[in-house]
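J.: Attaching a predicted model along with its sequence, questions to come.
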Amino acid sequence: MKPSPREELDLALTGVEKLLKDPNVATVLAEKAVNVSLAMVALDGLRAYLDGHHGKAAEELETAAEEIAARHRRMSTESPS
């Protein structure tokens, strides 16, 4: 039996979560200055949004966006060694 669209979304998000927790994936992402913990917060926000928990989604996504923006600003102003 084919999964419902909602089940497919859940499976996809679970797959992304598993990948983010994989040390090899984390290493590749770190090379691009991607913080896995922040990616997980963003993923939690997306999950909350898709579940209709808009308040939690807004909080999680705002947290991720603010931290990503702050890190970007720091990286942009740091001079190479």
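T.: Arrived safely.

J.: quick one, helices of this protein?
T.: Along the chain, counting by DSSP state H, helices occupy 5-21, 23-31, 36-50, 54-77.

J.: which of those helices sits most buried?
T.: helix 36-50 (a mean of 17; mean count of other C-beta atoms under 10 Å). In short, each C-beta sits where N, CA and C put it, glycine included.

J.: next one: it to chain centre, how far?
T.: Taking the mean of its C-alpha atoms, helix 36-50 sits 5 Å from the chain's own mean (C-alpha atoms, centre = their mean, to the nearest Å).

J.: same thing with stretch 70-80?
T.: For stretch 70-80, the distance to the chain centre is 20 Å (C-alpha atoms, centre = their mean).

J.: Over to stretch 64-78?
T.: For stretch 64-78, the gap between its own C-alpha mean and the chain's C-alpha mean amounts to 15 Å (C-alpha atoms, centre = their mean).

J.: I would like the residues contacting that stretch, please.
T.: With contacts defined as C-beta atoms under 8 Å, 6 or more residues apart in numbering, stretch 64-78 is touched by 33, 35, 38-39, 41-42, 45.

J.: go again using 10 Å as the cut-off
T.: Stretch 64-78 is contacted from outside by 33-35, 37-46, using C-beta atoms under 10 Å, 6 or more residues apart in numbering.

J.: what's the closest non-adjacent residue to the most centrally placed residue in the chain?
T.: Closest residue to the average C-alpha location of the chain: Ala39 at 2.4 Å, with C-alpha atoms, centre = their mean. Spatial nearest neighbour of Ala39, chain neighbours left out: Leu20 (5.4 Å); criterion: C-beta to C-beta, 6 or more residues apart in numbering.
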